[in-house]
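Here's my sequence, what's the structure:
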Amino acid sequence: MSNHPIILLIEKRTNVVEFIKTGCRDCTFKINNFPTIDFKRLDFKKFKGIALNEDSVAEPLITVKKLISSAPGVPLIVYSDHPKVESAVGLIKAGARDYISLGKDKAKIRMVLRNLISVSKKSEEQNTSYFKDLEKPVTIDSGFLMLLERARQIAPSSATICIQGESGTGKEMLARYIHQCSGKEKPFIALNCAALPEQLAESELFGYEKGAFTGAVQRKIGKFEQARGGTLLLDEISEMPLFMQAKLLRAIQEKEIDRLGGTLPVNVDVRIIATSNRDLKEAVANSLMRRDLYYRLRVMTFELPPLRKRCQDDIGLLATHFLEKMNIRHGKEIAEISKSALQKLYAHNWPGNVRELENTIERAVLLDQDGILTDNDIVIDGDENTQRSLQGVLPELNVGMTVQEMEKALIIKTLEHVNQNRTHAARLLGISIRTLRNKINAYRAGNPIPTFSNNSLSSSKAAL
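Numbering: from 1, shown residues only. Below you'll find the model as predicted:
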């Protein structure tokens with residue numbers, strides 16, 4: 001009797017079943033296919049993973065919820081020949097681990113199903129749902145999903161990893177995702193090399209002993225020791241001073257560091273993940289990075305694609321994800337993003353990538369007044385229509401006005417724009433609610449409101 005783990009495949013097309021089984025013929029798991037699901041007769045406890053064809057069931061969302069309930073802790077993926085943003089959002093929220101395009105790549109099928117087994121084993125070892133608290137990058141792009149599969153595959157190792165990509169593509173999120181997938185319970189420590197003053201670089205990385213220099217009144221533990229047993233993210237590694245790159249190379253190779261002022265080396269077992277928004281090979285050629293460190297870091301490499309090169313549906317999926325996030329952050333209940341707003345999002349090139357999209361959705365959430373994000377709420381930097389729409393929000397500025405008068409006019413106009421919602425006004429203005437309240441009280445005390453050609457300003461005085 002075989003002890004191979006079994007995956008439940010729910011697929012009604014016999015040719016697809018044969019295609020999947022052929023692609024997984026050399027795998028160490030078995031596939032049991034059922035064209036339909038009989039929840040009363042199936043013993044879900046014997047399965048180590050579930051793969052569901054969205055088109056094989058009449059109501060995919062209800063089916064996924066019932067599968068999650070019937071097989072708690074068993075990882076489940078949903079696949080489709082024609083993936084849709086709306087389906088992806090609902091099914092993943094319901095508990096599906098992934099929503100993917102099946103495609104015609106047998107290697108991809110093997111990787112996806114094999115990963116179901118490894119996730120199931122990890123869940124059993126930890127006696128918990130492995131992906132319960134996992135912050136997974138949001139995507140249904142086939143290339144990005146393959147990248148995530150590769151990341152999960154190498155996550156348990158201690159290999160050094162290098163992640164490259166434009167600013168805002170999600171390099172730190174991928175690094176955190178790899179750390180979470182590794183199963184390590186030790187900390188994830190991040191250090192921004194670009195923001196690190198050269199004179200403090202060594203003490204930040206390696207720490208120092210009491211009395212090492214003037215002002216060192218007690219021992220300080222550096223980032224390497226803080227991350228012991230876990231992961232140390234070196235963000236924008238190419239910005240690290242060259243003299244520190246040599247010390248970093250030794251720390252990675254020897255797995256030991258020297259605190260400033262110390263007499264003995266300190267052993268550190270740390271997984272290094274380095275990121276950069278520039279071409280590191282070019283940085284080496286320009287003498288901005290040591291060649292030996294470059295090759296030491298590139299044991300495993302990931303190139304994150306810019307948002308404009310991911311499938312268009314990812315923009316809608318990410319926008320919906322950020323809408324839910326911003327609803328919670330700002331206490332709003334915006335129900336949806338309109339088709340006109342989505343079309344505006346699809347048409348933009350997103351030079352700032354995912355970070356720009358997130359900021360755009362947050363701005364739209366703050367400006368929205370009717371519970372649905374429309375194209376008028378979508379304010380995109382550099383867009384001519386956006387600039388025209390902003391003209392009605394900004395107060396008219398006249399030569400001779402004082403800074404205080406301009407500030408007052410801006411506050412009044414912002415309050416008017418958000419229907420006197422002080423919380424939203426404070427966020428738009430970049431000040432605290434207390435500061436806004438103090439300024440409003442000062443205006444109420446009798447300070448004159450400047451006269452503008454825009455009559456709406458005078459009407460805002462009463463609202464204050």
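
CA atoms for contacts and neighbours, from now on please.
Fine.

Just give me how far stretch 240-250 sits from the chain centre.
29 Å (CA atoms, centre = their mean, to the nearest Å).

Sort out which residues of it are buried, please.
Of the residues in stretch 240-250, 240, 241, 245, 247, 248, 249 count as buried by neighbour count, 16 or more other CA atoms under 10 Å.

Domain map for the chain?
Following automatic domain parsing, one gets these domains for the chain: 6-132, 153-305, 308-386, 403-463.

Which among those domains is found nearest to residue 147?
Nearest to residue 147 among these is domain 153-305; the distance by CA to CA comes to 7.5 Å.

and the closest one, how far apart are its ends?
Here the two ends of domain 153-305 are set 19 Å apart, with distance taken as CA to CA, to the nearest Å.

sorry, back to before: right, and out of the buried residues of stretch 240-250, which lies closest to residue 305?
Nearest to residue 305 among the buried residues of stretch 240-250: residue 240, at 24.0 Å, using CA to CA.

right, and the closest one touches residue 192 too?
No. With the criterion set as CA atoms under 8 Å, residue 240 and residue 192 do not qualify as a contacting pair; they are 9.2 Å apart.

Output stretch 428-439 in PDB, but only the C-alpha positions, please.
The C-alpha coordinates for stretch 428-439 follow below in PDB (Å, rounded to 0.1, in the frame of the first residue of the first chain):
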ATOM      1  CA  LEU A 428      -4.900  65.600   3.500                       C
ATOM      2  CA  LEU A 429      -3.200  68.600   5.100                       C
ATOM      3  CA  GLY A 430      -0.500  66.400   6.700                       C
ATOM      4  CA  ILE A 431      -1.100  67.600  10.200                       C
ATOM      5  CA  SER A 432      -2.600  66.100  13.300                       C
ATOM      6  CA  ILE A 433      -6.200  66.400  14.300                       C
ATOM      7  CA  ARG A 434      -5.200  68.300  17.400                       C
ATOM      8  CA  THR A 435      -3.200  70.900  15.300                       C
ATOM      9  CA  LEU A 436      -6.200  71.300  13.000                       C
ATOM     10  CA  ARG A 437      -8.500  71.800  16.000                       C
ATOM     11  CA  ASN A 438      -6.200  74.400  17.500                       C
ATOM     12  CA  LYS A 439      -6.100  76.300  14.300                       C
END
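
and that stretch, average pLDDT?
For stretch 428-439, mean pLDDT is 80.

got the contact list for it?
The contact list for stretch 428-439 (CA atoms under 8 Å, 6 or more residues apart in numbering) reads 366, 411, 414, 422, 423, 426.

same thing but 6 Å
Among residues not part of stretch 428-439, those counted as contacts by CA atoms under 6 Å, 6 or more residues apart in numbering are residue 426.

Report the buried residues of the helix or strand hosting residue 428.
Under DSSP states H and E, the secondary-structure element containing residue 428 is helix 422-429. Residues 422, 423, 424, 425, 426, 428 are the ones in helix 422-429 that count as buried (16+ other CA under 10 Å).

Also stretch 196-205?
If you call a residue buried by 16+ other CA under 10 Å, then stretch 196-205 has these buried ones: 201, 202, 203, 204, 205.

can you give me the strands in this protein?
In the chain, the strands defined using DSSP state E lie at 6-10, 30-34, 47-53, 76-80, 98-101, 161-164, 188-192, 231-235, 256-257, 266-267, 271-276, 300-303, 336-337, 372-373.

Could you tell me the least trusted of the ones you listed?
strand 98-101 (a mean of 77).

Centre of the chain to that strand, how far?
Computed by CA atoms, centre = their mean, the separation of strand 98-101 from the middle of its chain amounts to 18 Å.

What lies in contact with stretch 352-369?
Applying CA under 6 Å, 6+ apart, the set of residues contacting stretch 352-369 is 168, 169, 307, 326, 377, 378.

I'd like the distance between the residue nearest to the last one when sequence neighbours are not counted and residue 427.
Think residue 378. The shortest distance from residue 378 to any residue that is not its chain neighbour, by CA to CA, 6 or more residues apart in numbering, is 5.4 Å, and that residue is residue 364. Spatial separation of residue 364 from residue 427 under the definition CA to CA is 12 Å.

just residue 398 next, same as before
Computed with CA to CA, the distance linking residue 398 and residue 427 is 25 Å.

do residue 356 as well
In terms of CA to CA, residue 356 sits 17 Å off from residue 427.

Could you pull out the buried residues of stretch 332-344?
So for stretch 332-344, counting by 16+ other CA under 10 Å, buried means 334, 337, 341, 342.

So which of the residues you listed sit within helices?
Taking DSSP state H as the definition of helices, those contribute 341, 342.

In space, what's closest to the residue nearest in space to the middle of the chain - neighbours in sequence excluded?
Nearest to the mean C-alpha position of the chain, counting by CA atoms, centre = their mean, stands residue 173 at 4.6 Å. Setting aside the residues directly before and after it, residue 173 is nearest to residue 137 in space (CA to CA, 6+ apart), at 7.0 Å.

still on that earlier bit, the buried residues of helix 422-429: which two are farthest apart?
Checked with CA to CA, the buried residues of helix 422-429 reach their widest spread between 422 and 428, with 9.8 Å between them.

what comes up buried for stretch 137-144?
Taking 16+ other CA under 10 Å as the neighbour-count basis, stretch 137-144 is seen to contain the buried residues 138, 139, 140, 141, 142, 144.

Actually, stretch 305-324.
Quick answer for stretch 305-324 (16+ other CA under 10 Å): 305-308, 310, 312-320, 322-324.

One more: stretch 72-83?
Those buried within stretch 72-83 under the rule 16+ other CA under 10 Å are 73, 74, 75, 76, 77, 78, 79, 80, 83.

Tell me which residues are up against that stretch.
Applying CA under 6 Å, 6+ apart, the contact partners of stretch 72-83 are 48-54, 96-102, 129.

circling back to that earlier point, between the contacts of stretch 352-369, which is nearest residue 19?
Of all those, the one sitting nearest residue 19 is residue 307; the distance, using CA to CA, is 31.7 Å.

ok, and the closest non-adjacent residue to that closest one?
Distance criterion CA to CA, 6+ apart; nearest residue to residue 307, sequence neighbours excluded, is residue 353 at 5.1 Å.

number of nearby residues for the closest residue to residue 423 other than its chain neighbours?
With CA to CA, 6+ apart as the measure, residue 433 is the residue that lies nearest to residue 423, at 6.2 Å, once sequence neighbours are left out. When neighbours are counted by other CA atoms under 10 Å, residue 433 registers 16.

And residue 223, how far from residue 293?
The gap separating residue 223 from residue 293 is 19 Å, by CA to CA.
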